[in-house]
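# fold the stuff below for me.
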Amino acid sequence: MKVIFIVNPHAKNGYAYKRFLAVKNMCEANSIEYWVTAAPYEAVEKIRHYCENHVHEETLFAGIGGDGTMHELVNATAGFPHAFAACIAAGSGNDFARHFPSFPLSPESFQELSCWDGRNEKHDAARFKGLKTGWFVNNLGIGFDAAVANSSNRSGFKKWLNRIKLGKLIYVYYLIYHLISYKPQSMKVQIDGKTMELEKVWFITIANQPYYGGGMMIAPHARSDDGLLDLTIVHQLSRLKFLTVFLSVFFGGHLRFKEVTTEQGKQIKVETEEQALIHADGEFGGSLIRNHPLYVEVEPKSWSFVPSKKQGS
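Numbers count the residues shown, from 1 in each chain. Alright, predicted model coming up:
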């Protein structure tokens, strides 16, 4: 069994890499392989290439970073029965680590992972196909939340706020900005053959686990091992009430509003007449446009996760 650490040097504005330097010598002294990525989705390409050329070797890829890092690891390892993923949480949001028992960034974690004995858990992920294709493990959003995520990720101001440990404020800024400018739209959603015609949709989130947006409990009942995806649809409400609903997501209170519809399903199709942005695990997932539907399908037990023993798994 082989262990390879995947280091995202940009996670939390360089925090992950600075912490990694404290254990870098330990890796080199024990001949533990590590890859420091230089660009987005580089890890996906390298891991998949490695897995394709080492089909008889069980390999654990331990990601040092946040939700974006784990998004890449799941995209890379899903579908490979001999590839496993672990998380050393060192990001800004860490929603993945809120649900999946992850490792702290410490010498003890490196020691535990380097002695990995093969234990793992099987979890669901989901494929999406539209103008862009890929996998997600946390959630996929269409509409308002994707617009906020996209603006926040592209903002240079986010890096400055991260330096003073106030990175989450960028989401508050763009929440207010898009609250003023966003235009809700009509969408058609098909869930396992059942069709819903929706008006004035603010956003649709398709979740595999409860958390997104740095701790917001968008789908409190979602599980990553039940073979189902949980939909949260927010529609038909004013801007002022939408703000109340959106803020209540932090504690799961949004489910009590009549304008919030929840559904579960395995195969989902979403259509719209107007353009709507998409995010997958907080990363840019393309756009939904007229005559180009988005298809989402859960893939039960499609990837293997190695949890931290110290967090009760």
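# just how off-centre is stretch 293-303 within its chain?
From the chain centre to the centre of stretch 293-303 is a distance of 14 Å (Cα atoms, centre = their mean, to the nearest Å).
# restrict it to CA atoms and write it as CSV.
Extracted C-alpha coordinates of stretch 293-303, given in CSV (Å, rounded to 0.1, in the frame of the first residue of the first chain):
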residue,chain,number,x,y,z
PRO,A,293,-30.1,20.9,-19.6
LEU,A,294,-28.1,19.9,-16.6
TYR,A,295,-28.1,16.2,-15.7
VAL,A,296,-27.1,15.0,-12.2
GLU,A,297,-27.0,11.4,-11.1
VAL,A,298,-25.9,9.9,-7.8
GLU,A,299,-23.2,7.2,-8.0
PRO,A,300,-23.6,5.1,-4.8
LYS,A,301,-20.4,4.0,-3.0
SER,A,302,-18.3,5.3,-5.9
TRP,A,303,-15.3,6.5,-3.9
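# buried sites along that stretch?
For stretch 293-303, a neighbour-count test (16 or more other Cβ atoms under 10 Å) marks 293, 294, 296, 298, 302, 303 as buried. (C-beta placed from N, C-alpha, C; glycine too.)
# now the closest residue to residue 177 other than its chain neighbours: which helix or strand?
In space, and not counting its chain neighbours, residue 177 is closest to residue 151: 7.1 Å by Cβ to Cβ, 6 or more residues apart in numbering. Secondary structure assignment for residue 151, by DSSP states H and E: helix 144-154.
# contact partners of that helix?
Helix 144-154 has contacts (Cβ atoms under 8 Å, 6 or more residues apart in numbering) with 141, 158, 170-171, 174-175, 177-178, 182, 184, 202-203, 205, 212-213, 234, 276-279, 282-285.
# average model confidence for it?
What helix 144-154 shows for mean pLDDT is 88.
# doesn't residue 51 lie inside a helix?
Yes: membership of residue 51 in a helix is supported by DSSP: H, G, I helix; E, B strand; the rest coil.
# any idea how far it is from residue 38?
20 Å (Cβ to Cβ, to the nearest Å).
# which of those two has more neighbours?
residue 51 (19 against 9; other Cβ atoms under 10 Å).
# got a list of what the more buried one touches?
Contact analysis of residue 51 by Cβ under 8 Å, 6+ apart lists 59, 76, 77, 80, 82, 83.
# which among these end up buried?
Here, 16+ other Cβ under 10 Å leaves 59, 76, 77, 80, 83 buried among the contacts of residue 51.
# so what sits opposite the closest residue to the third one other than its chain neighbours in the bridge?
Put plainly, it is residue 77. Leaving aside its chain neighbours, residue 77 sits nearest to residue 83 (4.0 Å; criterion: Cβ to Cβ, 6+ apart). Residue 83 has these beta-bridge partners by DSSP bridges: residue 59.
# check the one 4 residues further on too.
Taking DSSP bridges, one obtains residue 63 as the residues bridged to residue 87.
# got the contact list for it?
62, 63, 69, 70, 73, 96, 97, 100, 102, 103.
# could you rerun that using 10 Å?
Going by Cβ atoms under 10 Å, 6 or more residues apart in numbering, residue 87 touches 62-67, 69-70, 73, 94, 96-97, 100-103, 305-308.
# list the ones among those that fall in helices.
Using DSSP state H, the subset of those located in helices is 67, 69, 70, 73, 96, 97.
# contacts only, for the spatially most central residue of the chain.
Centroid-nearest residue in the chain: residue 281, 2.5 Å away (criterion: Cα atoms, centre = their mean). The contact partners of residue 281, taken as Cβ under 10 Å, 6+ apart, are 66-72, 74-75, 93, 95-96, 125, 134-141, 149, 208, 212.
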